[in-house]
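*Asks:* My questions concern the predicted model and sequence given below.
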Amino acid sequence: MKIIYFLIFILLMPGVLGFGVSPAKFNVNLKNDENIEKEFFILNDNTESKLFNITYSNEFLNFSSFIIEVEGNSEKEVKFLINV
């Protein structure tokens with residue numbers, strides 16, 4: 001029943017914006033003094049430019065918060081470096 005309410009909410013919501021993040025998951029195996037560079041893409045399928053605030057933190061990783069603008073109907077690559 002919750003799925004039906006969710007679908008009704010989405011269908012009635014004006015101006016639904018679409019975006020995606022790829023890949024959805026990272027698998028990283030590092031040892032001490034190793035580093036790796038990874039990237040992900042933010043996809044904006046709306047015609048207007050959008051600002052995205054990127055923030056992530058847990059007990060092992062901590063990204064500085066930053067804002068990235070993605071033009072309409074385009075994607076932006078975000079690279080990051082992981083050091084152990």
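*Replies:* Structure received. Quantities reported herein were computed from a predicted structural model and do not represent experimental measurements. Residues are numbered from 1 along each chain as shown.
*Asks:* Please make it C-alpha for all contacts and neighbour counts, starting now.
*Replies:* OK.
*Asks:* List the residues that contact the residue nearest to the spatial centre of the chain.
*Replies:* By C-alpha atoms, centre = their mean, the chain has its centre lying nearest to residue 21, at 4.3 Å. Neighbouring residues of residue 21 by C-alpha atoms under 8 Å, 6 or more residues apart in numbering: 40-43.
*Asks:* With residue 78 as the reference, measure out to it.
*Replies:* Using C-alpha to C-alpha, to the nearest Å, residue 21 is found at 10 Å from residue 78.
*Asks:* Would you mind listing which of the contacts of residue 21 are buried?
*Replies:* Taking 16 or more other C-alpha atoms under 10 Å as the criterion, what is buried in these is 40, 42-43.
*Asks:* Direction included, what does the helix or strand hosting residue 42 pair up with?
*Replies:* Residue 42 is part of strand 35-44 when elements are defined by DSSP states H and E. Sheet pairing for strand 35-44, assigned by DSSP bridges, gives strand 19-22 (antiparallel), strand 74-83 (antiparallel).
*Asks:* Give the buried residues for the shortest one.
*Replies:* Within strand 19-22, no residue qualifies as buried by neighbour count (16+ other C-alpha under 10 Å).
*Asks:* least reliable of the strands paired with strand 35-44 going by mean pLDDT?
*Replies:* Out of the strands paired with strand 35-44, strand 19-22 stands lowest, with a mean of 73 (criterion: mean pLDDT).
*Asks:* C-alpha coordinates for that one, PDB please?
*Replies:* Extracted in PDB, the C-alpha atoms of strand 19-22 (Å, rounded to 0.1, in the frame of the first residue of the first chain):
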ATOM      1  CA  PHE A  19      19.000  13.500 -11.700                       C
ATOM      2  CA  GLY A  20      21.200  10.500 -11.200                       C
ATOM      3  CA  VAL A  21      24.500   9.500  -9.700                       C
ATOM      4  CA  SER A  22      26.700   6.800 -11.300                       C
END
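*Asks:* picking that back up, could you export the strand holding residue 42 as PDB, CA atoms only?
*Replies:* Presented in PDB, the C-alpha positions along strand 35-44 are these (Å, rounded to 0.1, in the frame of the first residue of the first chain):
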ATOM      1  CA  ASN A  35      45.800   6.000  -2.400                       C
ATOM      2  CA  ILE A  36      43.300   5.700  -5.200                       C
ATOM      3  CA  GLU A  37      41.500   8.200  -7.400                       C
ATOM      4  CA  LYS A  38      37.800   7.500  -8.100                       C
ATOM      5  CA  GLU A  39      35.100   9.400 -10.000                       C
ATOM      6  CA  PHE A  40      31.400   9.500 -10.200                       C
ATOM      7  CA  PHE A  41      29.000  11.300 -12.500                       C
ATOM      8  CA  ILE A  42      26.000  13.500 -11.700                       C
ATOM      9  CA  LEU A  43      23.400  13.500 -14.500                       C
ATOM     10  CA  ASN A  44      20.900  16.300 -14.900                       C
END
